[in-house]
Each structure stands twice: as C-alpha cells, then as structure tokens.
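Undergrad: Pasting the sequence and the predicted coordinates here, then a few questions.
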Amino acid sequence: MDRKLIGKRVVRNEDPRLLTGHAQFVDDVHLPGMLHAAFLRSEYAHARLLKVDVSKARQHPGVVAVFTAEDMGKDWFPGPPLVSPPPTVKDVVFHSRRQVPLAKDKIRHAGEAIAVVIAESRYIAEDAVEEIEVEYEPLPVVLDLEQALQPDSPLVHDDLESNLAARLSQKKGDYEAARRQADVIVKRRIVIERGAAAAMENRGIVAHWDAQSEHLTIWDTTQAPIPIRNGTAARLGLSEHQVRVIAPFIGGGFGPKIMMFYPEEMVIPWAAKQLNRPVKWIEDRRENFYATTQERGQIHDVEMALSRDGRVLGLKDDFLHDTGAYDPYGLTIPLNTQSHNMGGYDIRNYSSEFKVVFTNRIIATPVRGAGRPHGIFVIERMMDAAARELGMDPIELRKRNLIPPDAFPYEHQIIDQAFAPLILDSGNYKAVVDKALEIIGYEKFIKEEQPRLRREGKYVGIGVVPFIETTGVGPYEGARVTVEASGKVNVTTGIGTQGQGHFTSFAQIVAEQLGVKVSDVRIVTGDTSEFHWGTGTFASRGAVVAGSAVHAAAKSVRQKVLKLASKVLEAPEEELELEDGAVRVADIPQKSISLGELAVLANPLRGAVEPGTEPGLESTSYYGPQYGATAFGTHAMILEVDPQTMMIKIRRYVVAEDCGTVLNPLILEGQIHGGVSMGLGNAYYEKLHVDENGQLLNASFADYLLVSSTEMPRIEVAHLETPSPLNELGAKGVGEAGAIPVPALFAQALENAFYDRKLEVLEMPLSPNRLFELLREAQENEKSV
Amino acid sequence: MPTTFDLTITVNGTRYERSVEPRTLLSDFLRHNLGLTGTHVGCEHGVCGACSVLMDGQPVRSCLMFAVQAHGHEITTVEGLGTRDELHPIQQAFQEAHGLQCGFCTPGILTTVKAFLEQNPNPSEEEIREALSGNLCRCTGYQHIIEAVELAAEKMRG
C-alpha cells in the first residue's frame, strides 16, 4: 500500500497541551474536600515490627485519620500475583510472596510502608507522620545474593526454608556434547547491579469515592489502568463497572509504573472509601528511591564453547536474580535475560538455570530493558573474551555467528517472558551490523585513527555491539475507532501512555486509512471508562500491539465508510477514494460526501434500517500475536578516556536500528536517544549505593547521577526496515531498544581504549573510581604474571 | 492556627494577594493555591529543574523557595509563555524538533531557555548544553531539546 502518513516525520498532536502547562498529570487533579496522605516508612531493612503507636498523630490538628495494618482489618491482604510462573516448563520452583498494603509483624525492606496519615494538607500529614512511634527489633539483613542462599542465612520470609524464590532451567540442544567438541572454553563471572528508573514524575494516586452514585474514580500514574481497575474492584468488593481508573498524562514510566499493586494503590482507594472524601498521595523523590521498584541485580556464571575457527558451539549461563523482598512480578525479568543470552546469534546448544533470590531490598520489577540488557551484556562480554582468546577480530567473530537472513523465523526452542516460544520472526542482522560499521568507520578507526591518537597520548576506543529486542508481546490490546458527526475521528484504546507519542502515531495509522488530517484524530488512552479491555504499556508493545488493533479498527471503519458512501453516491466501492475528510468518486471530485455527513447518515434518528445494521461509523478491533516481534540493532561508539581522571568523552555514537516498519521517524529517534541516555547511566553513572544495613546512601538526584545534557553525545541514527510478518503494519517495538546494548558497548569501548592494559570489564555499572580500580588491578595482574 | 503572611505577587502579569503559611513552598503556592499546575515538581531538592520559573526574568527553582520570598516580585511560569493556539516561538520549536516526550520536565526547560535566549540570542551547541545542564530529562536524551533550542534561537532572531 502506498503510504501517505505512516513513516512520516509528523509533529505530535499532544504537544501544545504539554508545552503550555495544560496537560493534566495526576498531581494536577484537584477535588473539593480533598485530603492528603503521607506514609510512615520503615527505617530498617529487616526488622520485627513490635509496636506502632499512632495515638499522638491522630490528635494532631488537621489530621483526619491514621491507618495501620491492624486498622484495615479484613481488608488487609497482599496484592495479587501479577504474573504467574510459566506452566510449560518442567520442574519450575516458584514461591509467591506478595507485597502487603501496610507492613504487619515484619519489615522486609527499608522504606516499606507502615502507616498512613490522612490530613487536610500534605504539610500537616508529614508533620503527623513524625509523631508516630514505632518499636522495631532489628534483624540481620539479607543483601548478598550468594550468601542469601547459604543454609545459615537469615530469612526474608520466615515460612520458607530458604531465600530461594524461584528456580527455572531451560535447555536447547546438548550443551555438554558441544563442550566436549569445543577447541576453546571461555568462562567468566559477570555481576550487574541495580539502578533506579527515575522517571521525572514520581508516582501518585488520587481516589474519589462518590457515595451517592457508588462510583470510585482513581487517577493513577500507572502504565496499566485496566488491570488496576479490575484489581481495585476485586479488593474492594465492587463491580468493575463501579470503578474508573484514569491514567492521564504520565511523566515517564520506564517500567516501575506497571508494578501492581503498590501498597499505596491498595491503601489510598480504600481510605477514600472509608472516609468518604477524596484522598491524594503524591510520592516525593526520596520515597521514589525507597518505595518504587528497581531492577538489574544479577550474578552470572557463564561458559562459552567455541571451535578454533570462531563458531560458538554452545553457551551455558547459570545466574542469580535479585527479586527483593517480594516477587509479585513473577519471572519476567530472568526469563527475558534467559531469552536474550544468545543475542542474535545462531547458537544451537544452550543451557541456563536461574535462581531468584529474596533479599531485604525494594522489589525488582522491569525497568526499561527488563532483563534484556543483562542477557546482551553477558553474550557480548563473552564474545569479546572469546575473540581475545582466539586472537580474532571481535567483529569478525560476531559476523561468523549471526543468524543468517534465510533462517527466519528462527526458533530458539525455549520460552520467553510471555511463556510463548522464543521465535525471532524476521531480520537481516548482518546488514544492520555493516551499516553501523560503515557509519562509524570501523576499519579506518582501528587502522589509522586509533594509532595516531595513541601517539598523541590519547586513550580512545571503539565498540560495536549488536543486539536483539523481543517486543510486541501478547496477550492482546484493543481499540475503538469512531467517525463523529463533525467529521473528526475519535480513537480509544486501553493502554496508558507515558510520552511515547501514541496520540500521534496512532492518529497517523487512522488518518492513513480514513483520509483525514492527523490533527483531526483524537486519541484517548488510559481511561477505563472509554475502553475497558487490555493490559498495558510494557515490553515495547504499544505501537505494535495497540497500534495493530488501531489499524484493524480503522480498516474496518474504512469498509463501513465505503459501503455506505457507495450507496449514497451510487458508485461502486472500487471507484471511491477517501481524501481530505470526504469520500469522493475518483475522477469526479464534485461527486463526494464528507465523513461527517456519512456519520450522521449512519446514525439515523428516525426511520427503518436493514436488519443487522450496526449504528455509526464505528468499529472495535483487537490484536493479539501468537508470539512477539523481535527487533534488531547495532550500536557503535568511539570513547575517549582521560587516563588521569577517568572522565570520559563520547566522540561518536551510532545507532543502526531495524524495528520493522517505521511509523514516525521523529518519535522513533526520540525513543532511541532516550534509551541510550538511560543505558549510559547504567554503564557509568547510575549506581545505587546500599550499605551493609540495607540503607540506600544516595537517595537523591544530587547523589544518584542521571545523565545530563553535558554528558550526552550527539547520536547518529540509521534505519533499516525488515517488516515483521506478524502484523499488518510490519511493526516491531523500539521503546526499550536504546538502553539494551549500551553497557556491553561501553565495556567493549573501554577495553579497546586500554587495549594494551589487559583491562577486562565484567561488571556494571562502572564509575570513574571503579574504572581506576580495575585498571590498577589489571596492572598488578600483569606484574605478577 | 498557624501564622500566616499576606503575600502580594505578580504571576504571568496578574497581581495576586494571598494569605499563606510562611513554610509554603513557591512551587506548592503556584500549583495548589493559584492552580497554575504547569509548573512541575520532580525532586523537591533543587536538582531536576522541572519546577524552574522566572523571578524578575531570572530562572529560579520554585521548590527551593518559600512563596513569601517571592513577595513583591514578578513570576513567569510556563502558562505565561504562549497559548495553545498561539505558541511562543520556543514552544513552537519544541514541537517541531520533538523536544519533549512525556513533557513533565518541559515547563522548567522552557522557562530556563527563555531566560537563556534573551541573554544569548545566538548560542553555540556547547553553550546550549551548558545552559540545559541544570534540567534533567529522562525521556529525550537531550538531543532533540538541543535542536529545539537552536531552532528557537533562529525563530527569535527572526
């Protein structure tokens, strides 16, 4: 199909509202009589909760209520399991332990909510929190993943035999046989630590119970309004139709805003109903560091078996995954790691077992990348180690193992995070790698520039890392497209939106089908009263899954338009075209009717219609893929390190990306730039420093360093398009792609900058200090050899 | 009853007289007392810059100031730039260059850029990066923001 709007750099429909300060975020909701909540959070990471005395706080002027776990009575019970363990894998172990609304008896992470104060203002609520007296009995803290599994470790959950939350093995082919045939075995231990998602908007929730109509309205900074609606109804014993959840404009999600249910999401709507007054809670930044979920903690023991000529015969990766104090999000993250461990390579023998470990830290749930960066870090670090061992160019080693274009769909014979078979649907991987190499000038850099720079005393290295990203997973999303009497089009979908440009990319899809202006298509997301089937925005699936549902609904409306217009204009459908908001007979422009007039005709107020007629120019469609579409990309960078200060400067950064059909290159590039900036944070700036008591030492933006405008390089982006055969748009997701390969790329470029210093990077994140230590260790090792 | 202070303040050209508690933050005052919710609060400790507004034309962190400290001063918030139908050239440039995604940090960036371009109408990329270094954005990686500022400078030079 000749595409007029899809693939164009269309500016965003939503921007004028955001640019003028008129877009509604959760903290902008103001209701008459609204109360404000503040939580008392545990000072200890692991403790018995002996006594919570709220009597003084209750007396504080302006305080309306103080609730503890005890006060919730029978309404106190844990949150629902968000994702269940995979049913199709044998011998899976999974102990489900879910977070609770307010801690009772025991504290399992610093910052766990103990009590909530509800007052006439947030200022008063915070004052009164200070007046709550708590008696704790501190317990030894569980932090280290390996020690946590020792028989003598203290237990996060006393009713379990150990801190093992889950265990799962997957195998493809026969790794042991591959190992026996191998010429070279490379073994490494790889450690990845946690970071914060740090969306600029903290979490927040406003709940309003209308006792007369018996309706509960909730504004929530969630990526998944429909599951929150369903779960809230279940918790409060209401019909799903009595609960409306609105996720208005959301100031960045990046994963943690799809965790369900946060304690505050269980407490605030309940409290609003108890008090019969609207209640607002807005998280502050410090709380965000202590109470919003995080990700990335894993320890890998990896082995790669290769032939002398550089064929990867097999890969074995046994790893530990830190789930924190509870595991409501099931096995999503470690399954993602397990299914990205082979990258875009044709590896026939694979064995991986992971153990999920309870610790006294905030719950781990997906953060942009969601286990994928770990998998890519592991395979790409191993590729570099193997290239050194074999004395082979690292790019050549990778090219020898890439999945060839004729091997798709490529079945990995394991399951992915959606419990669907891991099948890479399509791609042309080598072309993408070559594109990145060409743009960055790999050969020239290695042969000419690097030696010249080194002669000038400069430490400059290059990195090139390919990666896959499984995207667009099920189960499904839906959309309803309606042509209104004004001729404008309204589209509703169940997913939430957090800056991805859905108001524009979905409008482009609809405008393409219906021949209207993009600005005449109004998109509604994240309001359960507008559309109430669906799951949410996660796993880089918005454009693919919801986008495909929008596409299907728009096509169906187009059929209705053509059918009706054919009757009205007395012309066959094949001769009709949809242009400029009207249907006209091709070659006879005066014979036309506007979409608005057709919409009125499709919804008559009087008269008879044919049996079976559906009113209006409206259609609802759903899309659910059997398995996800897999994107591919290659990042390349040239990195300069000051050997005195270990400060870095990125001289070039190139992204070659194949995410199938590009809907809007402007939005796509924005997604990639943002992903890269988060990836650079994960590589060199963002580390959560936790002391031996489980206390976070850098819970502020002054100490936890996000990448700012002075660290970010200019990014050069190239697109290649291998449309996915799984959906009509040919789309693959891209939301997380930018972040995934960056730590692996950064490590490679660092090693390359110090190519004569035997530096090996097997951990993330680094920092200037840590790089200095690693270089000193490398130097000492060299001396002792 | 807590002590209150009679505050006179001009915001976006409108004069307001309000009685406030001395501890009321300027950010809370603007958002919750005046209902100007365009100014956003991202960290409450003066690092992220989302709450930046102009006081007498100079950028300040409204989360680090008490409302009473703005007594007698003129404040400009994002609502004081352009309107939805008639965007300020900086706002236009941010739309054209896709200089925002979730839009939460954007109001603080727009006010910062307004003061910056008034002082430096023809900035280099380095100067733009420096000027933006006090505003955190988690979505864009800054590249489109920098391009938006370049475009805005061009538009404002005419």
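TA: Here it is on my side, so go on.
Undergrad: In the stretch 251-400 of chain A, which residue sits closest to chain B?
TA: residue A:251 (2.9 Å; Cβ to the nearest Cβ). All C-beta spots, glycine's among them, are computed from the backbone N, C-alpha and C.
Undergrad: Show the backbone phi and psi for that residue.
TA: phi -80, psi 60 (degrees, to the nearest 10).
Undergrad: Can you give me the distance of the residue nearest to it when sequence neighbours are not counted to residue A:292?
TA: In space, and not counting its chain neighbours, residue A:251 is closest to residue A:201: 2.4 Å by Cβ to Cβ, 6 or more residues apart in numbering or on different chains. To residue A:292, residue A:201 is 11 Å away according to Cβ to Cβ, to the nearest Å.
Undergrad: neighbour-wise, which of these two wins?
TA: residue A:201 (29 against 25; other Cβ atoms under 10 Å in any protein chain shown).
Undergrad: quick one on the thing from earlier: which residues are in contact with the residue of the stretch 251-400 of chain A closest to chain B?
TA: A:25, A:199-201, A:221, A:498-499, B:40, B:42, B:102-105 (Cβ atoms under 8 Å, 6 or more residues apart in numbering or on different chains).
Undergrad: For chain B, which segments are assigned as strands?
TA: B:5-11, B:14-20, B:52-55, B:58-61, B:74-76 (DSSP state E).
Undergrad: which residues in the stretch 651-785 of chain A form strands?
TA: Secondary structure of the stretch 651-785 of chain A (DSSP state E, counting those that start in this stretch): strands at A:715-719, A:763-764.
Undergrad: Could you count how many residues lie near residue 102?
TA: By default, I'm working from chain A. 24.
Undergrad: My question was about chain B, not that one.
TA: Residues near residue B:102, counting by other Cβ under 10 Å: 28.
Undergrad: Excluding chain neighbours, what is closest to it?
TA: residue A:499 (3.0 Å).
Undergrad: same question, residue B:152
TA: Using Cβ to Cβ, 6+ apart, the nearest residue to residue B:152 is residue B:93, at 3.7 Å.
Undergrad: next one: residue B:29
TA: Per Cβ to Cβ, 6+ apart, closest to residue B:29 is residue B:67, 3.7 Å.
Undergrad: Kindly report the same for residue A:538.
TA: Nearest to residue A:538 is residue A:258, by Cβ to Cβ, 6+ apart, at 5.0 Å.
Undergrad: can you tell me which residues contact that neighbour?
TA: A:222, A:223, A:224, A:365, A:366, A:536, A:537, A:538.
Undergrad: per the record, what domains does chain B have?
TA: B:5-80, B:89-157 (automatic domain parsing).
Undergrad: quick one, which of the ones you listed is packed in tightest?
TA: For the domains of chain B, the largest average neighbour count (mean count of other Cβ atoms under 10 Å in any protein chain shown) is found in domain B:89-157, namely a mean of 22.
Undergrad: what's the first-to-last distance across that one?
TA: Chord length of domain B:89-157, first to last residue, is 10 Å (Cα to Cα, to the nearest Å).
Undergrad: can you check stretch A:437-449 too?
TA: Note: stretch A:437-449 ends 15 Å apart using Cα to Cα.
Undergrad: what's the answer for stretch A:109-126, then?
TA: With Cα to Cα, one end of stretch A:109-126 sits 21 Å from the other.
Undergrad: Is any residue of that stretch near chain B?
TA: Yes. Using Cβ under 8 Å from any Cβ of the partner chain, stretch A:109-126 reaches chain B at residue A:123.
Undergrad: buried residues in the lengthiest helix in chain A?
TA: Across chain A, the longest stretch assigned as helix under DSSP state H is helix A:547-569. Neighbour counts using 16 or more other Cβ atoms under 10 Å in any protein chain shown place A:547-558, A:560-562, A:564-566, A:569 of helix A:547-569 among the buried residues.
Undergrad: Quick check: nearest residue in space to residue A:413, chain neighbours excluded?
TA: residue A:172 (4.4 Å).
Undergrad: Next up, phi/psi of that neighbour, please.
TA: phi -130, psi 130.
Undergrad: What about it, how many residues nearby?
TA: Neighbour tally, residue A:172, other Cβ under 10 Å: 19.
Undergrad: circling back to that earlier point, neighbour count and secondary structure for the contacts of residue A:258 - can I get that in TSV?
TA: TSV is the format used below for the contacts of residue A:258 (neighbours: other Cβ atoms under 10 Å in any protein chain shown; DSSP: H, G, I helix; E, B strand; the rest coil):
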residue	neighbour count	secondary structure
A:222	31	coil
A:223	27	coil
A:224	27	coil
A:365	29	coil
A:366	24	coil
A:536	25	coil
A:537	31	coil
A:538	22	coil
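Undergrad: so residue A:57 is in which element?
TA: Per DSSP states H and E, residue A:57 falls inside helix A:55-59.
Undergrad: pLDDT averaged over the helix or strand immediately after that helix in the chain, what's the number?
TA: Next along the chain after helix A:55-59, taking DSSP H and E as the criterion, comes strand A:63-68. Throughout strand A:63-68, pLDDT has a mean value of 98.
Undergrad: what's in contact with whatever helix or strand comes next after strand A:63-68?
TA: Scanning forward in sequence from strand A:63-68 by DSSP H and E, the next helix or strand is strand A:93-94. The contact list for strand A:93-94, computed with Cβ under 8 Å, 6+ apart, reads A:85, A:164, A:165, A:166, A:167, A:168, A:327, A:330, A:331.
Undergrad: if you set the cut-off to 10 Å instead, what comes out?
TA: A:81, A:84-86, A:164-168, A:327, A:330-331, A:355-356 (Cβ atoms under 10 Å, 6 or more residues apart in numbering or on different chains).
Undergrad: quick one: which of the strands of the stretch 651-785 of chain A is nearest residue A:385?
TA: strand A:763-764 (13.6 Å; Cβ to Cβ).
Undergrad: The closest one packs against which elements?
TA: strand A:184-192, helix A:372-390, helix A:742-753, helix A:768-784 (3 or more Cβ pairs under 10 Å, 6 or more residues apart in numbering or on different chains; DSSP states H and E).
Undergrad: For chain B, which residue gets nearest to chain A?
TA: For chain B, Cβ to the nearest Cβ, closest residue to chain A: residue B:38, 1.8 Å.
Undergrad: Could you pull up the residues touching that residue?
TA: A:18-23, A:25, A:28, B:12, B:30-31, B:53, B:77-81, B:106-108, B:110-111.
Undergrad: In helices only, show me those residues.
TA: Per DSSP H, the contacts of residue B:38 map to helices at A:18, A:19, B:106, B:107, B:108, B:110, B:111.
Undergrad: quick one: the strands in the stretch 151-300 of chain A?
TA: A:164-172, A:184-192, A:204-210, A:215-220, A:243-246, A:279-282, A:298-306.
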